[in-house]
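Asks: this one's sequence-less:
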């Protein structure tokens, strides 16, 4: 295959992830799962491609010599300008540009988070062999660098975000449940908010099964100042809020599904659904009331 690329700069973590994804396509179980997630034929070939029109998507997809598309991989969220440019140049009626991002809530075609979860499940049932080591290598690469987790830590929400219309109204409605400013983790009966990104916001509540240092789970989040609010899956809410009154949890879930029109019952556990801020703002008073009992 003459268009395979061999000059990867492996000093970059993203390129090491790309090569590990390419390498692991030799594992039949992983390759079949990977192709099924992208809805492409399982006998497709996936490999690093050479420069095209002055740029280079990360991976090419071919089936019996026919180009099916390209895959662009990011450790964090989508690089929208780059992805849009690739789609404008290379996407046709018969060829797609697929997106793989760090986290499931980014809403791309596939996430490194999902890949890591798949590998973790398979590693437990794979003998200590070359396949085992390859799975372990890719999983650990993802866990170390995906979504910039190697360098980013949760931090305080900026004043700009705290003073934004929807966040300020939300916190005003929950002022009787405000956290002690000296606390660095969630406690029962109080909300807790933090962020990873500069313009993000996460409203979190105590969860006794959480493995995070702040012992919490997000009820809702805003990512990088975007015009939507993210809600988690029904599975995750029920799992992480199992210490709460089940009727209160179900009332919250019902409000998100029916009033905010978010089909969170159809999500896998780690997925999230984006609801436009305009819809949340219109129903914010009702949302505050169903949040209070599960703080």
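Replies: All right, it came through fine. Keep in mind that what you see is a predicted model, and the values were worked out from it rather than measured.
Asks: for the protein, what spans make up the helices?
Replies: Along the chain, counting by DSSP state H, helices occupy 13-24, 28-38, 80-90, 112-123, 130-145, 159-162, 165-173, 234-240, 246-254, 277-282, 284-291.
Asks: Which residues does stretch 264-276 contact?
Replies: For stretch 264-276, contacts defined as C-beta atoms under 8 Å, 6 or more residues apart in numbering pick out 104-105, 107, 111, 113-114, 117, 221, 227-237, 239, 253, 256-257, 260-263. C-beta: built from backbone N, CA, C; applies to glycine.
Asks: Just the buried positions in it, please.
Replies: Neighbour counts over stretch 264-276 (16 or more other C-beta atoms under 10 Å) mark 264, 267, 270-275 as buried.
Asks: Quick one: distance of that stretch to the chain centre.
Replies: In terms of C-alpha atoms, centre = their mean, to the nearest Å, the centre of stretch 264-276 is set 11 Å apart from its chain centre.
Asks: How about stretch 71-78?
Replies: Relative to its parent chain, stretch 71-78 has a centroid offset of 11 Å by C-alpha atoms, centre = their mean.
Asks: any idea of the mean pLDDT for that stretch?
Replies: If you average the pLDDT over stretch 71-78, you get 89.
Asks: same thing with stretch 243-262?
Replies: Model confidence over stretch 243-262 averages 96 on the pLDDT scale.
Asks: List the buried residues in it.
Replies: Buried-residue list, stretch 243-262, by 16+ other C-beta under 10 Å: 244, 248-249, 252-253, 255-257, 260, 262.
Asks: First-to-last residue distance for that stretch?
Replies: 24 Å (C-alpha to C-alpha, to the nearest Å).
Asks: try stretch 218-234
Replies: 12 Å.
Asks: got it, and stretch 273-293?
Replies: End-to-end distance of stretch 273-293: 22 Å, with C-alpha to C-alpha as the criterion.
Asks: model confidence over it, on average?
Replies: 95.
Asks: In this protein, where is pLDDT below threshold?
Replies: Applying pLDDT under 70 to the chain flags residues 1, 147-154, 197-198, 213, 224-225.
Asks: middle-most residue in it, spatially?
Replies: By C-alpha atoms, centre = their mean, the chain has its centre lying nearest to residue 103, at 2.1 Å.
Asks: and that one, what does it touch?
Replies: Residues in contact with residue 103 (C-beta under 8 Å, 6+ apart) are 76-77, 111-113, 146-147.
Asks: Next: residue 204.
Replies: Contacts for residue 204 (C-beta under 8 Å, 6+ apart) come out as 186, 191-194, 214, 216-219.
Asks: Find the pair from these with maximum spatial separation.
Replies: Using C-beta to C-beta, the contacts of residue 204 span at most 13.6 Å, a distance reached by 214 and 219.
Asks: Looking at those two, which has the bigger crowd around it?
Replies: When residue 214 and residue 219 are compared for neighbours, residue 219 comes out ahead with 22 against 17, by other C-beta atoms under 10 Å.
Asks: Next, work out how far apart the more buried one and residue 247 are.
Replies: Distance of residue 219 to residue 247, given as C-beta to C-beta, to the nearest Å: 17 Å.
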